[in-house]
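Undergrad: no sequence on this one, just coordinates:
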């Protein structure tokens, strides 16, 4: 097991990554919280609870009150939040209650937001069960839901009391989801961790074969990268923006395809291809580095084919939430293991990068 | 004009109390914010906008986008919040937008919460227009809405960028609302400010006659008291609880009468009578102090009559949000100008205090 410390201005907590965490949660949470409060809730999805509920309960003397949130972007909304808040009141929840969130990114985002606003904030614990949630959404305190107008438009920064990333649930994850999740680790390596890039190049077969030790290593390195960035910039005023590498075009792909065609990680994968192209054109990475990193992205593919028009996709990048006051921000890698934010990307540069990416995406590699 | 500084772990800001603020807001907000962002929103109630919209707009070169929230507890809900969030997206709001909240406590609570969760938090400015909002809800960062199960069960701590409390709108406030609001100033004096108690005893006719200088003095002293407490305990873990003097029984009166019979300040007025009785029985105030403070509460009455059963009211005190883990907390004055929290109030003591209060409330003084 590996332990990663997060220290932001608003909170300090530990992230644990390894095997056997799910069956030993109660004493671990008690250690993180001081003691277990009178009312403990667990929010999960029906699917995850069916698979892992029994394991989860083994370490609790008194079983927590179980609440359900359906997985799926369309259930990540204000109506679900209000329903959960009311269920917690009805079950006797108070300011001293604790919420454990057991599930993927959507359950985590909704649960974290509920914890952030229930009686103006109660502590919560993240127990992410998907690769993506483990390496990305469960760490950093971003919580929230969608509005009909767009994703994650409502939310809070609310740091968990602790995060427990157990390898076991990854065993039941569909292969496509694992590969999509690994794109965030590819991102982590490119922007911040040269050694992770090499490890993912050399040990791809073990990682994709779900070897627990190899997975633990990738997960811990990815979390360590994110924890370091978040600790230095909790509220995304500066450094934290580099976590959006691949996300400007990635989000544009997701919104243009209405979140139906690709998983988030897959869209980020294509977004990274576009950003890598832009970085090569600008000379922040060499042609050799470009080829190496492009190969790495595809190693964790296949990325699904895309048939989109450049103009439409370029237009969609303007709607990104990170664009304050209309400025089009871009994260570009600088060599391997470093990155920076640029704000002066010209329409021609963006066109060329998106064009290249869409040309690859029309006939993707096997 | 008086300026009061608030400094919490999460924010530092200034509260301005005086005349002529409403017509000079734009430059003042620009000073507090650094500069005015591209999108400025103002949230207000139709009634307040009809009375004060024109004055408000005089100092703005570019008029802010106006959003409306109806005053009234029944509109202080999650549906209003979602509607406002969507209106802000539709009007081009982004992470850099600013929200000005112009109105009473309900508009302020809803607006502050909207600012807290819109894109995970944007800055906001409070321009409270009622006495109660000026001395209480606009300072301290508590924001939120009701659930069908109870008041203020959802919300955030989100500190404003600045607060502007203008005396002018108090001129159009109904007399009953002013008197109810003044109960919070009576509270402020009793728990923390001996000089304010004396001022309110000696200058009641000027204060109730809305003399601007007298009002400014009471408002500034009340805000100063709250700012001092909030600065030392932002999230109500300790000291901030003393602000709940009169509120344990006050909230019970409100919920028992379904928030229909009394204004909040009036319920707090009766709640203070009960708490003063309890304090005298325990000897934390003398009989003379009890009489003096009871007289002060009634000086800013009349408090409406109540016909309730002791047992029902006592039972309702158990449902208070401040009662973590079932403990019944009580704030008791210690002499005049100080207060403490006790957790060992016996059922018999509570019965006696509520009995006394209800006996007074059956035939209230004129």
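TA: Now that the structure is in, tell me what you want to look at. Computed from a predicted model, the values in this text were never measured in an experiment.

Undergrad: Which positions in stretch A:79-87 come out as buried?
TA: By neighbour count with 16 or more other C-beta atoms under 10 Å in any protein chain shown, stretch A:79-87 contains the buried residues A:80-82, A:84-87. In short, each C-beta sits where N, CA and C put it, glycine included.

Undergrad: My error: substitute stretch A:199-209 in the last question.
TA: Neighbour-count burial for stretch A:199-209 [16+ other C-beta under 10 Å]: A:199-200, A:203, A:206-208.

Undergrad: how distant is that stretch from the center of its chain?
TA: On the basis of C-alpha atoms, centre = their mean, to the nearest Å, stretch A:199-209 is displaced by 20 Å from the centre of the chain it belongs to.

Undergrad: For that stretch, measure first residue to last.
TA: Terminal residues of stretch A:199-209 are spaced 14 Å apart (C-alpha to C-alpha, to the nearest Å).

Undergrad: Could you give the average pLDDT over that stretch?
TA: The average pLDDT for stretch A:199-209 rounds to 97.

Undergrad: Is chain B within reach of the helix or strand bottoming out on mean pLDDT in chain A?
TA: In chain A, no helix or strand scores lower on mean pLDDT, DSSP states H and E than helix A:310-317, which sits at a mean of 90. No. Counting by C-beta under 8 Å from any C-beta of the partner chain, no contacts exist between helix A:310-317 and chain B, the nearest distance being 14.6 Å.

Undergrad: Can you name the residues in contact with the next helix or strand after that helix?
TA: Reading on from helix A:310-317 to the C-terminus, the next helix or strand found by DSSP states H and E is strand A:330-333. Strand A:330-333 is contacted from outside by A:190-191, A:241-248, A:275-276, A:278-279, A:282, A:284-285, A:289, A:293, A:339-343, A:345, using C-beta atoms under 8 Å, 6 or more residues apart in numbering or on different chains.

Undergrad: in the least confident helix or strand of chain A, what's buried?
TA: A:310, A:313-314, A:316-317.

Undergrad: For it, which helices and strands make contact with it?
TA: Contact partners of helix A:310-317 among helices and strands, from 3 or more C-beta pairs under 8 Å, 6 or more residues apart in numbering or on different chains; DSSP states H and E: helix A:247-256, helix A:347-362.

Undergrad: Can you say which of those helices is nearest to residue B:42?
TA: Taking C-beta to C-beta, helix A:247-256 is the member of the helices and strands packed on helix A:310-317 nearest to residue B:42, at 29.7 Å.

Undergrad: Does anything pack onto the very next helix or strand once past that closest one? Which helices or strands?
TA: Going down the chain from helix A:247-256, the next helix or strand is helix A:264-282, by DSSP H and E. Secondary-structure packing of helix A:264-282 (3+ C-beta pairs under 8 Å, 6+ apart): helix A:175-192, helix A:247-256, helix A:287-299, strand A:330-333, helix A:347-362.

Undergrad: Output those in a markdown table; the columns should cover mean neighbour count and mean pLDDT.
TA: Below are these laid out as a markdown table (neighbours: other C-beta atoms under 10 Å in any protein chain shown; pLDDT from 0 to 100):
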| stretch | mean neighbour count | mean pLDDT |
| --- | --- | --- |
| helix A:175-192 | 24 | 97 |
| helix A:247-256 | 24 | 93 |
| helix A:287-299 | 16 | 98 |
| strand A:330-333 | 25 | 94 |
| helix A:347-362 | 17 | 94 |
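
Undergrad: how about the ones you listed in JSON lines, adding distance to residue A:213?
TA: Converted to JSON lines, the helices and strands packed on helix A:264-282 look like this (distance: least, C-beta to C-beta, whole Å):
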{"stretch": "helix A:175-192", "distance to residue A:213": "15"}
{"stretch": "helix A:247-256", "distance to residue A:213": "30"}
{"stretch": "helix A:287-299", "distance to residue A:213": "19"}
{"stretch": "strand A:330-333", "distance to residue A:213": "28"}
{"stretch": "helix A:347-362", "distance to residue A:213": "33"}
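
Undergrad: Show me the one of the ones you listed that comes nearest residue B:151.
TA: helix A:247-256 (38.0 Å).

Undergrad: residues making contact with the closest one?
TA: A:150-151, A:262, A:264, A:267-272, A:274-275, A:306, A:308, A:312-314, A:316-317, A:319-320, A:322, A:328-331, A:353-354, A:357.

Undergrad: Please repeat the previous calculation with a cut-off of 7 Å.
TA: The contact list for helix A:247-256 (C-beta atoms under 7 Å, 6 or more residues apart in numbering or on different chains) reads A:262, A:264, A:267-268, A:270-271, A:274-275, A:306, A:308, A:312-313, A:316-317, A:319-320, A:330, A:354, A:357.

Undergrad: same deal with stretch A:141-156?
TA: For stretch A:141-156, contacts defined as C-beta under 7 Å, 6+ apart pick out A:8, A:73, A:76-78, A:81, A:109-110, A:112-113, A:116-117, A:157-159, A:234, B:85-86, B:89, B:116-121, B:156.

Undergrad: and the stretch 151-300 of chain A, which of its residues are near chain B?
TA: For the stretch 151-300 of chain A, the contact set with chain B under C-beta under 7 Å from any C-beta of the partner chain comprises A:153-157.

Undergrad: Sort out which of the residues you listed are buried, if you could.
TA: By 16+ other C-beta under 10 Å, those give A:153-157 as buried.

Undergrad: Switch the residues you listed over to CSV; also include secondary structure and pLDDT.
TA: Below are these laid out as CSV (DSSP: H, G, I helix; E, B strand; the rest coil; pLDDT from 0 to 100):
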residue, secondary structure, pLDDT
A:153, strand, 96
A:154, strand, 98
A:155, strand, 98
A:156, strand, 97
A:157, strand, 95
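
Undergrad: Now for those: which two are most distant?
TA: A:153 and A:157, at 14.6 Å, using C-beta to C-beta across these.

Undergrad: if you skip the residues just before and after it, what's nearest to the residue positioned nearest the centre of chain A?
TA: Centroid-nearest residue in chain A, with C-alpha atoms, centre = their mean: residue A:136, separated by 2.9 Å. Sequence neighbours aside, residue A:184 is the residue nearest to residue A:136 in space, at 4.8 Å (criterion: C-beta to C-beta, 6 or more residues apart in numbering or on different chains).

Undergrad: one step back: within reach of chain B, which of the buried residues of stretch A:79-87 are there?
TA: Okay, of the buried residues of stretch A:79-87 touching chain B (C-beta under 7 Å from any C-beta), that's A:82, A:85-86.

Undergrad: From these, which land in strands?
TA: When DSSP state E is applied, those are split such that none fall in strands.

Undergrad: in the stretch 51-200 of chain A, which spans are helices?
TA: A:78-90, A:105-117, A:131-132, A:175-192, A:194-202 (DSSP state H, counting those that start in this stretch).
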